[in-house]
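Student: What follows is a protein structure lacking sequence information:
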């Protein structure tokens, strides 16, 4: 299967529960940022992640309350760099106890010191390493030499130790898609369990001209479609077609909710118009209809998976052909 069986069944159960309750909007994934502290200052990352202090991290209790409040079957542990979080094992154990699946989103630089001998492989834990290209490109994006080589070493070691391992690759304006395919080939040889390709889109607090216009995204992802079937991509076929401009969707900003040291971030992972202290304030005060419409100026160039993979899922019912394609993709 494209994804572990329990992830697929947990997602289906979540959809069925919410359908029975009449809920049209509900979270699929919680982006949980227990800290802003990071050991890198990547050029495409928001500034708070360059300056966050460890003392300002969230306590485990608040993190787990966010997991409970959101009800999302998937939890993406990000930040900052989550391997820096001193209570990481306690947090992961608590999320697993709640039968949620964890994506430990990491630059991999500290896996050998903070994870391998402290947190055992588990079916509900995925080590998700960020790689934005081959050596020269990735080290440039990370603004530090040697990051690519260390990350690849840690990916190999993670697989050797029995972890479920995925790679997340962001496509920027200057990304060479031929290089992306070479990266896919390298990761296939290593034997990773999946790779997510997503268009880069800037956070509000990033002021660099490295991000994609809508036209840039469509041009690059038309090339991605040419080789996507040869690799174990976790981006669905319909999302890749959307990114390539071959189909259209409204956004589903509520599908990927974000909890940070500042509170619940609204309306979405990338746009922080406001931070809310409580889940109820965030969920009930955000104008979801407005943000779904993509009419805001900040939404015009966005094709992020965090907003549109759920749109793929919620539109499957209108196309039996897409339902068959999705089922075949999951089983491949």
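Tutor: Sure thing, it's come through. Quick caveat, the model's predicted, so the values are computed rather than measured.
Student: Helix or strand for the closest residue to residue 279 other than its chain neighbours, just tell me which one.
Tutor: For residue 279, ignoring the flanking residues on the chain, the nearest one in space by C-beta to C-beta, 6 or more residues apart in numbering is residue 69 at 3.8 Å. (Each C-beta comes from the backbone N, C-alpha and C, glycine too.) According to DSSP states H and E, residue 69 maps onto helix 60-70.
Student: who's in contact with that helix?
Tutor: With contacts defined as C-beta atoms under 8 Å, 6 or more residues apart in numbering, helix 60-70 is touched by 27, 30, 32, 34, 75, 87, 90-91, 94-95, 98, 100, 257, 259, 264, 279.
Student: Tell me the strands beside the next helix or strand along the chain from it, with direction?
Tutor: Using DSSP H and E, the helix or strand that follows helix 60-70 towards the C-terminus is strand 74-77. If you go by DSSP bridges, strand 74-77 pairs up with strand 29-32 (parallel), strand 101-106 (parallel).
Student: just checking, next helix/strand downstream of strand 74-77?
Tutor: Note on strand 74-77: by DSSP H and E, the next helix or strand toward the C-terminus is helix 88-97.
Student: Stretch 16-32: end-to-end distance?
Tutor: 24 Å (C-alpha to C-alpha, to the nearest Å).
Student: how about it: buried residues?
Tutor: Neighbour-count burial for stretch 16-32 flags 25, 26, 27, 28, 29, 30, 31, 32 (criterion: 16 or more other C-beta atoms under 10 Å).
Student: how many other residues sit next to residue 311?
Tutor: 19 (other C-beta atoms under 10 Å).
Student: Could you number the chain from 19 rather than 1 from now on?
Tutor: Noted, 19 is the first residue going forward, which turns the last one into residue 329.
Student: who's in contact with it?
Tutor: 260, 267, 268, 269, 270, 273.
Student: okay, now the nearest residue to the last one once chain neighbours are set aside: neighbour count?
Tutor: Okay, so that is residue 273. In space, and not counting its chain neighbours, residue 273 is closest to residue 328: 3.3 Å by C-beta to C-beta, 6+ apart. Around residue 328 there are 23 other residues, counting by other C-beta under 10 Å.
Student: ok, now residue 324?
Tutor: Other residues near residue 324 come to 23 when the count uses other C-beta under 10 Å.
Student: Equivalent analysis for residue 313, please.
Tutor: Neighbours around residue 313, by other C-beta under 10 Å: 9.
Student: Among the contacts of residue 329, which one lies nearest to residue 349?
Tutor: residue 260 (21.7 Å; C-beta to C-beta).
Student: quick one: the strands in the chain?
Tutor: Assigned by DSSP state E, the strands in the chain fall at 47-50, 92-95, 119-124, 143-148, 182-189, 212-217, 274-278, 281-285, 290-294.
Student: if I read this right, residue 290 contacts residue 282, doesn't it?
Tutor: No - look at residue 290 against residue 282 with C-beta atoms under 8 Å: they stay out of range, at 9.9 Å.
Student: Residue 198 and residue 151, how far apart?
Tutor: Computed as C-beta to C-beta, to the nearest Å, the residue 198 to residue 151 distance reads 7 Å.
Student: Next: residue 134.
Tutor: 25 Å.
Student: re the thing from before, average model confidence for the helix holding residue 87?
Tutor: Here helix 78-88 scores 98 as its mean pLDDT.
Student: just how off-centre is that helix within its chain?
Tutor: 19 Å (C-alpha atoms, centre = their mean, to the nearest Å).
Student: Any stretches of the chain with poor pLDDT?
Tutor: For the chain, applying pLDDT under 70 flags the ranges 64-69, 219-229.
Student: Kindly tell me how buried the closest residue to residue 241 other than its chain neighbours is, as a neighbour count.
Tutor: Spatially, and ignoring its direct neighbours in sequence, residue 241 is nearest to residue 195 (4.3 Å; C-beta to C-beta, 6+ apart). When counting by other C-beta under 10 Å, one arrives at 17 neighbours for residue 195.
Student: Could you do residue 57 as well?
Tutor: 13.
Student: and the closest residue in space to it that isn't next to it in sequence, what does it touch?
Tutor: Using C-beta to C-beta, 6+ apart and skipping the chain neighbours, the partner closest in space to residue 57 is residue 99 (5.4 Å). Counting by C-beta under 8 Å, 6+ apart, residue 99 touches 55, 56, 57, 58, 124, 125, 127, 128.
Student: Appreciated, that's everything.
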